[in-house]
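> Generate coordinates for the sequence data below:
(one chain, ligands or ions: 1)
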Amino acid sequence: MKKIPLLLAGALALLFLGSFGPERQPATTRNQATNRLACTASAAPDWGFFAHRRINRLAALTLPPEMMVFFKPNIDWVADHATDPDMRRYATPWEGPRHYIDLDEYGTPPFDQLPRRFLPALQQHTEIFAVLENGDTLMVYGGGNPHTEQPDLPWEQFFSQHILPKFSSGDASLNVDSLQAFLKTGDREIPGALSAFFQENLAKHGILPWHLQRIQGWLTNAFRQRDSKRILRYCADIGHYVGDAHVPLHTTSNYNGQKTGQVGIHGFWESRIPELFADEEYDYFVGKPNYLPQTADYFWDVVLTSHSMVDSVLGIERALRLSFPEDRQMCPDMRNGRVIIAPCRDFAAAYQEAMQGMVERRLRAAIQAVASVWYTAWVDAGQPDLSKLDLPPTTEEELREEEAIRQKFNAGKILGRPEGD
Ligand SMILES: [Zn+2]
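Numbering: from 1, shown residues only. Down below sits the predicted model:
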């Protein structure tokens with residue numbers, strides 16, 4: 001393989017990026033060009049569309065007969081829609097944080113200070129303010145304000161009733177009357193509050209393990225109500241997020257190697273490697289799904305395990321890049337009839353081998369996890385009979401919604417964190 005001139009490499013890289021959407025700055029220096037090891041990342045979907053679809057499809061095939069009777073006729077739908085959450089990232093800014101959590105923003109493992117349940121986590125990372133008649137803004141809750149976190153105040157209930165429904169909605173206003181009980185407690189008499197609002201600081205570092213808890217609840221309810229459309233919708237969605245939770249780079253703020261001069265490693269690990277090897281070389285035997293007695297803890301185990309692999313993902317690639325012949329690291333390739341540049345097959349194989357098959361192991365673990373999560377929701381719902389579930393035809397409105405999201409995705413402007421997730 002001849003070495004590609006850097007300028008050409010930069011141009012090819014841009015072509016590759018263009019195939020996924022958003023604009024990105026060209027490599028202007030040698031340093032940038034040589035560090036652009038994968039070039040697959042930009043808005044490349046996480047795990048790649050390829051792997052997400054495969055995870056959902058193979059998970060469905062492991063289900064017990066009582067579930068298979070419903071999933072088999074719908075297996076294409078559940079697989080095809082495994083990528084919907086990534087497409088929604090182009091339609092709404094609230095979607096992005098559901099796909100990752102930057103655990104390193106919360107200290108060091110095992111992150112004991114970070115509440116594992118969603119509501120306490122939201123409480124810990126939210127501030128509530130009142131705007132007073134005199135124009136002052138007063139913090140009523142949060143920020144270590146000693147007056148506010150008195151255990152005798154029913155803040156948990158307040159969060160559940162007034163903040164949770166507005167999470168990820170763009171509406172941060174609060175009815176000032178709803179706060180009256182808190183404004184008049186003990187020695188804190190705060191007259192003349194005109195309005196109130198909250199500021200949550202949880203979403204900015206990602207909410208993946210907490211969102212998984214919520215959607216698990218929605219899925220269980222959908223089974224309970226035998227609502228076939230919502231069962232399929234939530235199965236497809238949670239399959240996606242469980243897949244993401246198995247990717248080490250979805251658990252760190254250095255998600256695309258941008259802090260360590262390894263830009264592009266996200267797509268290299270989760271898209272390029274599976275695309276090259278998952279068909280020919282991977283073993284997908286995962287056995288039966290397990291019942292998960294504590295799904296919230298389980299989701300945390302998954303992301304913490306992923307996080308424990310971050311150093312290897314980055315360190316092994318860094319070492320390999322130094323030892324592997326430089327002119328055999330990036331290769332031109334074809335995608336959708338266009339020339340792209342991406343990690344060479346041999347380079348990717350060497351990375352995979354140096355990681356001792358980590359990508360394959362995480363892919364396999366994800367398949368079993370997805371099946372287990374679906375199975376657990378069904379069991380928790382009382383094992384409803386799925387053999388007689390009707391699936392109403394897709395409505396005009398549903399089709400229109402799908403089309404609108406597809407158009408935003410095709411327009412290629414991701415909302416929120418730009419790359420690699
Ligand atoms: Zn995702």
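
> I'd say Arg417 and Arg98 touch.
No. Judged on Cβ atoms under 8 Å, Arg417 makes no contact with Arg98 at a distance of 11.3 Å. In short, each C-beta sits where N, CA and C put it, glycine included.

> How about stretch 401-410, which residues are buried there?
Within stretch 401-410, the residues that count as buried by 16 or more other Cβ atoms under 10 Å are 405, 408-409.

> ok so, going back, who's more crowded, Arg417 and Arg98?
Arg98 (25 against 19; other Cβ atoms under 10 Å).

> residues in contact with the residue minimising distance to the centre of the chain?
Residue closest to the mean C-alpha point of the chain, counted by Cα atoms, centre = their mean, is His99 at 1.1 Å. Listed by Cβ atoms under 8 Å, 6 or more residues apart in numbering, the contact set of His99 reads 46, 85-86, 89, 206, 208, 241, 244, 250, 421.

> wait, which of the residues you listed is closest to Glu397?
Nearest to Glu397 among the contacts of His99, counting by Cβ to Cβ, is Pro85 at 20.0 Å.

> out of everything not next to it in sequence, what's closest to that closest one?
Nearest-residue entry for Pro85: His240, 4.4 Å, with adjacent residues in sequence omitted and distances by Cβ to Cβ, 6 or more residues apart in numbering.

> my guess is that neighbour is in a helix, correct?
Yes. With DSSP: H, G, I helix; E, B strand; the rest coil as the criterion, His240 is part of a helix.

> so what's it scoring on pLDDT?
The per-residue pLDDT reported for His240 equals 97.

> Burial check on it, number of neighbours?
With other Cβ under 10 Å as criterion, His240 counts 28.

> these two touch, right, it and Met87?
No. Look at His240 against Met87 with Cβ under 8 Å: they stay out of range, at 10.2 Å.

> hmm, back to that, tell me who's in contact with the residue nearest to Pro85.
Shown in contact with His240 (Cβ under 8 Å, 6+ apart): 52, 56, 82-86.

> right, and out of those residues, which lies closest to Ile215?
Among the contacts of His240, and counting by Cβ to Cβ, the member closest to Ile215 is Pro85, at 9.9 Å.

> those strands in the stretch 251-400 of the chain, which residues are they?
Taking DSSP state E, counting those that start in this stretch as the test, the strands found in the stretch 251-400 of the chain are 330-335, 338-343.

> The first one to strand 338-343, inter-axis angle?
Yep, that's strand 330-335 we're talking about. Interaxial angle, strand 330-335 versus strand 338-343 (axes from the mean of the first three to the mean of the last three Cα atoms, to 10 degrees): 140 degrees.

> Paired strands for strand 330-335, with orientation please.
Under the criterion DSSP bridges, strand 330-335 sits next to strand 338-343 (antiparallel) in its sheet.

> mind checking how far Glu280 is from Val286?
Distance from Glu280 to Val286, counting by Cβ to Cβ, to the nearest Å: 18 Å.

> scratch that, Ala51 is what I was asking about
14 Å.

> These two: who's more crowded?
Taking other Cβ under 10 Å, Ala51 and Val286 do not tie; Ala51 has more neighbours (27 against 20).

> ok so, going back, can you list the strands of the stretch 251-400 of the chain in JSON lines and add mean pLDDT?
Listed next are those as JSON lines, based on pLDDT from 0 to 100:
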{"stretch": "strand 330-335", "mean pLDDT": "90"}
{"stretch": "strand 338-343", "mean pLDDT": "91"}
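
> just checking, which of those sits deepest inside the structure?
strand 338-343 (a mean of 21; mean count of other Cβ atoms under 10 Å).

> which parts of the stretch 51-200 of the chain sit against the ion?
Taking Cβ under 5 Å from the ion, the part of the stretch 51-200 of the chain that reaches the ion is made up of 86, 99.

> what stretches of the stretch 51-200 of the chain score poorly on pLDDT?
Confidence mapping of the stretch 51-200 of the chain against pLDDT under 70 gives the ranges 144-153, 184-191.

> Taking it, what residue is nearest to the ion?
Here the stretch 51-200 of the chain gets closest to the ion at one residue, His99, 3.6 Å apart by Cβ to the ion.

> Check whether Thr295 really touches Val379, as I assumed.
No. Between Thr295 and Val379 there is no contact under Cβ under 8 Å: 11.0 Å.

> And these two? Which one has more around it.
Higher neighbour count among Thr295 and Val379: Thr295, with 19 against 16, using other Cβ under 10 Å.
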